[in-house]
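K.L.:
Would you be able to build a 3D model of this:
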Amino acid sequence: MLENDFFKNIDSFVFDLLKNKLSSKVLYHNYNHTVSVVEAANEIGVAEKLSDDELEILLIAAWFHDTGFVNDNENHEEESKKIANKYLTENGLDTNKIDKILSCIEATKMPQKPTTNIEKVICDADLFHLGTENFEEKANLLRAEWEQLCAKNLTDIEWFEGNNKFFADHKFFTNYAFNKLNNQKSSNWLKNQKNLRKAISKKEEQEFKLKAKKAELKRKKEKDERPDRGIETMYRVTLRNHIKLSDIADTKANILLSVSAITLSIALSTLFPKLDKPDNFYLVYPTLIFLFITVVTMVFSILSTRPKVTSGKFTKEDVESKKVNLLFFGNFHKMPLEDFQKGMTEIMNDRDYLYKSLMKDLYFLGLVLEKKYRLLRIAYNIFMVGIIISVVAFVISFKLI
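P.N.:
The predicted structure follows:
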């Protein structure tokens, strides 16, 4: 029966309708679900020995029963009846059959309350997946549809509890569906109960961990902590960052030195031997410009990395007046060990002195970094501009010759 032209036209109509108008958020009640219900209805209807007229009414209702999702997902049965009534009336179907088809569509509304054999068949076909091995896959699609289309964001426990209640309230109306599907339905129900227990155990475990975490945080909060730990962390992190910046500057300077040295060696070995020939006189000035730029770049690169060490001496008066930073090696490398130890003992016993020393260390390190990066920037600018000038000079020389 499904192969005649009338049902092929219905199939084509429903396919085009759902393809063009159904929201992409409808992940379960789509064309695939419709085809599954039609096939299940045909299987159950034949097994229940429905007449040809009854089977025709059943299959038409199966094709149209969820088309209303294109207009309204909450009242889709009413919308489905409107779509079916309009299509079937326009195609000249008997009014009595149309009424029965609409009654079948209405019977699929939850909770299902079928009154005729045809309605019982379509209700079992609509929930055929409850007794199949792919129930969990179908259920996940339905859950995703609820989340996107209806904003029903259920927890795992809420979802499995809902499924559990649905299984408990549901029953197959036809003998064929009961005999074929009820055993697998029971297995699916048991698996759902198992998943529910797992979800509850997982929630209890998470609540236990959260409670333990809160207790630990409360214990730490109540525990006496050093009030200046955050300040020390700030100094430590800041000093580490400054040292990293200094390493980066030295690395950049080394790169520029290496490039300049290689360039200089190539120029000396390649260009200089040719300058003693009268024919190559036009290369003298571009070569000198090139060499001058390279040497100046190397000089600034060296200046940016050249170390500077202070005198390495301090007096007891300097320590008492808190003028010296004992945390920098340049201030104590020439002092006797005993004097240094006394100074360090003084700084460890005076928190204010310690923090001021850290401040000085940080401040002067910042000044050094500023000088490094300023010289390094000058070196890179000289190298960049010098390369351009050198190339232009060589080009002009070649053009003039």
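
K.L.:
what's the spacing between Ile378 and Thr294?
P.N.:
Per CB to CB, to the nearest Å, Ile378 is found 15 Å from Thr294. Every residue, glycine included, has its C-beta placed from N, CA and C.

K.L.:
Is Ser23 in contact with Leu149, as I believe?
P.N.:
Yes. Ser23 is within contact range of Leu149, at 6.9 Å (criterion: CB atoms under 8 Å).

K.L.:
picking up where we left off before, so Ile378 and Thr294 - more neighbours on which side?
P.N.:
Using other CB atoms under 10 Å, the more surrounded residue of Ile378 and Thr294 is Thr294, with 24 against 16.

K.L.:
Who are the contact partners of that one?
P.N.:
Shown in contact with Thr294 (CB atoms under 8 Å, 6 or more residues apart in numbering): 260, 263-264, 267, 383, 386.

K.L.:
repeat that with 10 Å
P.N.:
Thr294 makes contacts with 259-265, 267-268, 382-383, 386-387, 390, as judged by CB atoms under 10 Å, 6 or more residues apart in numbering.

K.L.:
Then Leu196?
P.N.:
156-157, 159-164.

K.L.:
What does the pLDDT read for it?
P.N.:
Leu196 carries a pLDDT value of 92.

K.L.:
swap in the one 4 residues further on?
P.N.:
At Ile200 the predicted local distance difference test score is 92.

K.L.:
in the stretch 151-300 of the chain, which ranges drop under the pLDDT threshold?
P.N.:
Across the stretch 151-300 of the chain, the ranges flagged by pLDDT under 70 are 221-229, 270-283.

K.L.:
before we move on, the earlier item: list just the nearest of the contacts of Leu196 to Ile118.
P.N.:
Asn163 (27.8 Å; CB to CB).

K.L.:
mind checking which helix or strand the residue nearest to the closest one when sequence neighbours are not counted is in?
P.N.:
Nearest residue to Asn163, sequence neighbours excluded (CB to CB, 6 or more residues apart in numbering): Asn192, at 4.8 Å. Here Asn192, judged by DSSP states H and E, is contained in helix 175-222.

K.L.:
Just checking, which helix or strand succeeds that helix along the chain?
P.N.:
helix 229-270.

K.L.:
Please convert the buried members of the contacts of Thr294 into PyMOL selection syntax.
P.N.:
Entered in PyMOL, the line below selects the buried ones among the contacts of Thr294, by 16 or more other CB atoms under 10 Å:
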select buried, resi 260+263+264+382+383+386+390
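
K.L.:
Let me have the contacts of Thr294 in TSV, extended by distance to Val35.
P.N.:
Below are these laid out as TSV (distance: CB to CB, whole Å):
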residue	distance to Val35
Val259	70
Ser260	75
Ala261	76
Ile262	73
Thr263	74
Leu264	79
Ser265	78
Ala267	79
Leu268	83
Ile382	76
Phe383	72
Gly386	76
Ile387	71
Ser390	76
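
K.L.:
quick check, nearest of the contacts of Thr294 to Lys180?
P.N.:
The closest of the contacts of Thr294 to Lys180 turns out to be Val259 (CB to CB; 80.8 Å).

K.L.:
ok, now how distant is that closest one from Ala267?
P.N.:
12 Å.

K.L.:
go on, Lys185?
P.N.:
As judged by CB to CB, Lys185 and Ala267 stand 88 Å apart.

K.L.:
Tell me where the stretch 301-401 of the chain has helices.
P.N.:
316-320, 337-349, 351-400 (DSSP state H, counting those that start in this stretch).

K.L.:
Tell me which of the ones you listed sits nearest to Asp247.
P.N.:
Of these, nearest to Asp247 by CB to CB is helix 351-400, at 10.6 Å.

K.L.:
as a whole number, average confidence for that closest one?
P.N.:
The average pLDDT for helix 351-400 rounds to 81.

K.L.:
by contact count, what packs against it?
P.N.:
Here helix 351-400 touches helix 229-270, helix 284-305, helix 337-349, going by 3 or more CB pairs under 10 Å, 6 or more residues apart in numbering; DSSP states H and E.

K.L.:
try 6 Å
P.N.:
Here helix 351-400 touches helix 229-270, helix 284-305, going by 3 or more CB pairs under 6 Å, 6 or more residues apart in numbering; DSSP states H and E.

K.L.:
Including distance to Lys399, could the ones you listed go into CSV?
P.N.:
Formatted as CSV, the helices and strands packed on helix 351-400 follow (distance: least, CB to CB, whole Å):
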stretch, distance to Lys399
helix 229-270, 21
helix 284-305, 12
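
K.L.:
Single out the most deeply packed of those.
P.N.:
helix 284-305 (a mean of 18; mean count of other CB atoms under 10 Å).

K.L.:
May I have it exported as PDB, CA atoms only?
P.N.:
Extracted in PDB, the C-alpha atoms of helix 284-305 (Å, rounded to 0.1, in the frame of the first residue of the first chain):
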ATOM      1  CA  VAL A 284      83.900  52.200  -2.200                       C
ATOM      2  CA  TYR A 285      81.200  54.600  -0.700                       C
ATOM      3  CA  PRO A 286      78.400  52.000  -0.500                       C
ATOM      4  CA  THR A 287      80.800  49.600   1.200                       C
ATOM      5  CA  LEU A 288      82.000  52.100   3.700                       C
ATOM      6  CA  ILE A 289      78.400  53.100   4.500                       C
ATOM      7  CA  PHE A 290      77.500  49.400   4.900                       C
ATOM      8  CA  LEU A 291      80.500  48.700   7.200                       C
ATOM      9  CA  PHE A 292      79.900  51.900   9.200                       C
ATOM     10  CA  ILE A 293      76.300  50.900   9.900                       C
ATOM     11  CA  THR A 294      77.300  47.400  10.900                       C
ATOM     12  CA  VAL A 295      79.900  48.600  13.300                       C
ATOM     13  CA  VAL A 296      77.600  51.100  14.900                       C
ATOM     14  CA  THR A 297      74.900  48.500  15.300                       C
ATOM     15  CA  MET A 298      77.400  46.200  17.000                       C
ATOM     16  CA  VAL A 299      78.500  49.000  19.300                       C
ATOM     17  CA  PHE A 300      75.000  49.700  20.500                       C
ATOM     18  CA  SER A 301      74.300  46.000  20.900                       C
ATOM     19  CA  ILE A 302      77.400  45.600  23.100                       C
ATOM     20  CA  LEU A 303      76.400  48.700  25.200                       C
ATOM     21  CA  SER A 304      73.000  47.200  25.900                       C
ATOM     22  CA  THR A 305      74.500  44.000  27.300                       C
END
